[in-house]
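Chemist: give the three-dimensional model of this entry:
(one chain, ligands or ions: 1)
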Amino acid sequence: MTTPILRMANRSRTVFRWPQRLRPSDWIARYFKHGPQLEAFDFERFPWLREPADTIGDYRVEEQLLICPPQVGKSLLAEAAICYFIVEDPADIVAYSHTIEMAKDWGEKRIMPSIRACRPCQGLLPSDPKAMRQRELLMSHMVVEVEPANESQTQSRSRRIVICDERWLWESGRYDNAMRRASSPNFEGRRKIISFSNSGDYESDVEVQWRASDQRVLFSNCPACGKEAAFKFSEKKCRRVAAKIPGFTIRFDENVATRPNGVWNINEVVKTVRLLCPYCSAEFEDLPSVRVKLRKTMHYVSLNPTGALKSRAWAVSGVAVYPWADLVKQFLNANQQLDLGDNQAMREFILKGLNEPWSEDVIFDLTTNSTGDYEMTGEPWEESTCAAMTVDYQELAPYFWYVIRDWADRGRSRLRKCGYAHTWDELHEIQQQNGLPERFVHVDCAYRPDEVYEHCARWNWIALRGRAEDYFIHSRGLTHPIRRYFSDVRLVDPAIGTDRQNDPRRRRAIEFMWADTPVKDILARLFGGHGAYFGVPRDVPQFYMSHMASERKSIVKMQAGKEIRRWVKVGKRANHLWDCEAEQIVFGLIKGPLRMVGDESV
Ligand SMILES: [Zn+2]
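Modeler: Residues are numbered from 1 along each chain as shown. Predicted structure coming up:
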C-alpha cells in the first residue's frame, strides 16, 4: 500500500469521527497542553475557570466575559477554547488582542504552539507548512486568525466565534465592532463572543457589560461552619458585592507592634493577617493549605439573576486567588500614598489586586477642607521647616497672584498669606519682607516666558511650566530610572537673541516642568481634607475660596478603556490661586515634604 493513501485514510478517520461528548472543561483538561513543558490544564489550581470553560459549549449564552486579576489563567483559557472549537465545533474563529504587536506575540508564541501541541488538533492541521503563519491558520474546514482590535480589523469578514483578550486595554467602541463580526443571521443560536479582561474604570465598556450581565462572583464554603460566602477585602467597601451580602473579609491588627508611632511596620502587620468568616467568626491563617481548602468548594453565585440571559459574566476577586498578606501590603502602601494626596497606587490595588472597578471619588470637596483652625497673621507657622512663595503671572491686572505656604514634616502645610501684586519689583519686595530664600520662589511661565526667565535668572527664582504629561522619567544619577510628577531641571538662557548672548557671566534661569493632572489631583485631595493637613485660615479672603473652586475634573475622553480626565476651568472663573496652590504641591514634591509621591520605579 502506498503511503499517500494510508495518510489519507488516517486523515479521514480523524476528520469524520464522531465528536466525543465531553464537557469543554474535561476536554481541555484531557487534551490541551501549554508552555515549553506541555503542561496539562489544571482546573484544581484554577477552579474559577471551570464554569466559564463549560459555558463555551453552551450557545444559549452568546456573550461571555471573564474578569480576572492578572496571572491566574485567563489567557490560557482563551487558547484552550480555540483548540476546543477546532476539534469539537469547527467554525471560523477570530481572536482579538489590543495591538498588532500583542496580536503577533499572542499568535506566534501562544496560540499556534498550543494548537500544534494539542493531539486532536494535530490530525487536522494542513500538511502545507505555509498554511500556519504567525497570526493565521488556514484549514480545509475553518480558519483561525489573530488580529489587533483596531478599527479596520474589527470590520471585515464575518466569523462565528470571536475571542477578545485583554479587553480592559481596548478603546471604547472597539468591542461593538468585534461583536459585529459575529452578527450574521446565519450564526443565530451558534455564535459566541468570548471576552477576557482585568477590571476597568467604572465607565469602561468592560464594566458596562458586567453591570448588564448576570454578575457571577465566587463563593466558598466556610471550612468551619460550612456556610457559603463571597470574597471581599473589607466588609462595606466592595465594588462588586453589595455590603448586605456576607463575605469572607481580610483582617489585620493595628497595635503598638504593627503601627508604632503611627507608622505601619509591614513585617509585623503581615504576621497578623487572616480571613474572617462572616457567619461563625472563625479566622483562617494566610496559608497555602487554607487557600486550597477554600478552593475545593469554590463556586459562582449570580448577583443579578434577572440580567440579560444571553450575556453571562464572571468576576474573580483577588481575595479568592492571591495571598492575603500581599494584598494587605499593597493596600497599606496605597493608603500611605493617598495620605500624601496621590491615588495612583490605590487605583492599581483596586483594579489589579482586588479586581474591582475603579471610579474616582469626589476628591475635590469644599465642605471637607480644613479651613479655619487658625487665623491669617502673616507670621510663619511654628511647626514649619520651610516655606515657599508661588506666583501666577497673567494678562490682566492685577498681573501677579501669589501664595505663601509653610511646610512641615509628613506633607503637612499651612497657608500663610495670599494676594496679588502689580509689578515684578513689588513681588520681589514681598519675597524679602517674608524672609523667603530666593530658590523658594516659583513662578508660572506659561504667560510671557521670556520675561519670567529673565526675572528668574536675575533673582534666582525658579520657573515652572505645567504640562499634560502623566509623569516624567528621572534617571540622572540613579541606578534605576523612576517616575516623578516633575521633570529634571532645565537651564534656560533668557539672553538668547540679545547682545548679551555671548556674555559668559550671564545668568541662566532654572525651569521645571510638572504633570498637570496628577499634581492637581494631589492638591484636590489635600485641599479636600483627604490626606495630610493642608491648612487654610478661617479669615482667608473670599477670592481665595472662589479661585479654589474654579476647576473641576471631568472626563475629556475614553482611551484604551481608561477614562482620560483633566482639570478644566468652570466657566470663566479666575483660577490663579488654584494654580499657585498647584505650584505649592510641585514645591512639596521637589523639595521633599511630599517626596514619596510619584517616585515610582519605571
Ligand atoms: Zn464559618
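
Chemist: so S114 sits in a strand?
Modeler: No. Assignment of S114 by DSSP: H, G, I helix; E, B strand; the rest coil gives helix, placing it outside any strand.

Chemist: host element of the spatially most central residue of the chain?
Modeler: Of all residues in the chain, the one closest to the mean position by CA atoms, centre = their mean is E348, 4.7 Å from it. Using DSSP states H and E, E348 sits within helix 344-348.

Chemist: check the residue nearest to the centre of the chain and give its pLDDT.
Modeler: We have a pLDDT of 93 for E348.

Chemist: surely W461 touches C445?
Modeler: No. Contact status for W461 versus C445: not in contact, 10.4 Å apart, counting by CB atoms under 8 Å. (Each C-beta comes from the backbone N, C-alpha and C, glycine too.)

Chemist: centre of the chain to the one helix or strand K329 maps to, how far?
Modeler: Using DSSP H and E, K329 sits in helix 324-339. With CA atoms, centre = their mean, to the nearest Å as the basis, helix 324-339 stands 15 Å off its chain's centre.

Chemist: do me a favour and get the end-to-end distance for stretch 293-301?
Modeler: Stretch 293-301 stretches 19 Å from its first residue to its last (CA to CA, to the nearest Å).

Chemist: domain ranges for this structure, per the record?
Modeler: Residue ranges of the domains in the chain are recorded as 19-198, 217-353, 366-601, according to automatic domain parsing.

Chemist: for those domains, could you give me a markdown table that also reports distance to the ion?
Modeler: As requested, the domains of the chain are arranged in a markdown table below (distance: least, CB to the ion, whole Å):
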| stretch | distance to the ion |
| --- | --- |
| domain 19-198 | 19 |
| domain 217-353 | 3 |
| domain 366-601 | 35 |
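
Chemist: wait, which of those domains is closest to R211?
Modeler: Of all these, it is domain 217-353 that lies closest to R211, at 8.0 Å by CB to CB.

Chemist: residues contacting the residue nearest to the centre of the chain?
Modeler: Contacts for E348 (CB atoms under 8 Å, 6 or more residues apart in numbering) come out as Q330, A334.

Chemist: any idea how far R119 is from it?
Modeler: E348 sits 40 Å away from R119, taking CB to CB, to the nearest Å as the criterion.

Chemist: how about I350?
Modeler: Relative to R119, I350 is positioned 42 Å away (CB to CB).

Chemist: A224 touches A282, doesn't it?
Modeler: Yes. Counting by CB under 8 Å, a contact exists between A224 and A282, whose distance comes to 3.7 Å.

Chemist: any idea which element the closest residue to P223 other than its chain neighbours lies in?
Modeler: Among residues not flanking P223 along the chain, K293 sits closest, at 4.9 Å (CB to CB, 6 or more residues apart in numbering). Counting by DSSP H and E, the secondary-structure element that holds K293 is helix 288-296.

Chemist: tell me how many other residues crowd R291.
Modeler: Taking other CB atoms under 10 Å as the criterion, the count of residues near R291 is 17.

Chemist: cool, H141 as well?
Modeler: A total of 10 residues lie near H141 under the criterion other CB under 10 Å.

Chemist: backbone phi and psi for the closest residue in space to S158 that isn't next to it in sequence, please?
Modeler: The spatially closest residue to S158, leaving aside those adjacent along the chain, is S184, at 4.4 Å (CB to CB, 6+ apart). Reported as degrees, to the nearest 10, the phi and psi values for S184 are phi -60, psi 140.

Chemist: model confidence score at S184, please.
Modeler: 87.

Chemist: for L38, same thing?
Modeler: Residue-level confidence at L38 comes out at 88, pLDDT.

Chemist: any idea how far V72 is from it?
Modeler: 21 Å.

Chemist: could you check which of these two has the larger neighbour count?
Modeler: Residue environment comparison for L38 versus V72 gives the larger neighbour count to V72, 17 against 12, counting by other CB under 10 Å.

Chemist: report the contact partners of the more buried one.
Modeler: V72 makes contact with F46, W48, V316, V321, according to CB under 8 Å, 6+ apart.

Chemist: same deal with F248?
Modeler: Applying CB under 8 Å, 6+ apart, one finds that F248 lies in contact with S220, C222, A229, A230, F231, K232, L275, L276, C277, P278, L294, V319.

Chemist: ok, so of those, who is nearest N333?
Modeler: Checking these against N333 with CB to CB, the nearest one is V319 at 17.3 Å.

Chemist: you'd agree that closest one is in a helix?
Modeler: Yes. Assignment of V319 by three-state DSSP places it within a helix.

Chemist: show me the contacts for it.
Modeler: For V319, the set of contacting residues under the criterion of CB under 8 Å, 6+ apart consists of F231, K232, F233, F248, I250, L275, L327, L354.

Chemist: ok, back up a step: can you flag which of the contacts of V72 belong to strands?
Modeler: Secondary-structure check on those using DSSP state E: no residue lies within strands.

Chemist: would you format the residues you listed as a markdown table with neighbour count and pLDDT included?
Modeler: Output for these, formatted as a markdown table (neighbours: other CB atoms under 10 Å; pLDDT from 0 to 100):
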| residue | neighbour count | pLDDT |
| --- | --- | --- |
| F46 | 20 | 94 |
| W48 | 26 | 97 |
| V316 | 28 | 98 |
| V321 | 22 | 96 |
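
Chemist: and the nearest residue to I28 once chain neighbours are set aside, helix, strand or coil?
Modeler: Sequence neighbours aside, A80 is the residue nearest to I28 in space, at 4.4 Å (criterion: CB to CB, 6+ apart). When the structure is split into helix, strand and coil by three-state DSSP, A80 lands in helix.

Chemist: burial measure for A80, as a count.
Modeler: 26.

Chemist: tell me the contacts of it?
Modeler: If a contact means CB under 8 Å, 6+ apart, then A80 has I28, F32, H34, F41, A53, S114 as its contacts.

Chemist: circling back to that earlier point, contacts for the helix holding K293, please.
Modeler: So helix 288-296 is in contact with E44, R45, P47, S220, P223, F248, L275, F284, A320, P323, going by CB under 8 Å, 6+ apart.

Chemist: what distance separates the helix or strand encompassing the fourth one from the centre of its chain?
Modeler: S220 belongs to strand 216-221 when assigned by DSSP H and E. Its chain's C-alpha centre and that of strand 216-221 lie 25 Å apart, by CA atoms, centre = their mean.

Chemist: what packs against the next helix or strand after that strand?
Modeler: Read in the C-terminal direction, the helix or strand following strand 216-221 is strand 228-231, with elements assigned using DSSP H and E. In this structure, strand 228-231 makes packing contacts with strand 216-221, strand 247-251, strand 299-302, judged by 3 or more CB pairs under 8 Å, 6 or more residues apart in numbering; DSSP states H and E.

Chemist: so which of those strands gets nearest Q394?
Modeler: strand 247-251 (50.0 Å).

Chemist: got the buried residues for the following helix or strand past that closest one?
Modeler: The C-terminal neighbour of strand 247-251 among helices and strands, as given by DSSP H and E, is helix 266-271. Taking 16 or more other CB atoms under 10 Å as the basis for neighbour counts, the residues of helix 266-271 that come out buried are E268, V269, V270.

Chemist: my read: the first one touches V256, true?
Modeler: So that's E268. No. With contact defined as CB under 8 Å, E268 does not reach V256; the gap is 9.7 Å.

Chemist: re the thing from before, and the pLDDT at the residue nearest to I28?
Modeler: Listed pLDDT for A80 reads 96.

Chemist: roughly how far apart are L594 and A515?
Modeler: Between L594 and A515 the computed distance is 13 Å (CB to CB).

Chemist: ok, now T385?
Modeler: Counting by CB to CB, the gap from T385 to A515 is 25 Å.

Chemist: how is W210 assigned, secondary-structure-wise?
Modeler: helix.

Chemist: residues contacting it?
Modeler: The contact partners of W210, taken as CB under 8 Å, 6+ apart, are L65, I67, A313, A315, P357.

Chemist: thinking again about what came up before, which of the buried residues of helix 266-271 lies closest to R507?
Modeler: Checking those against R507 by CB to CB gives V269 as the nearest, at 50.9 Å.
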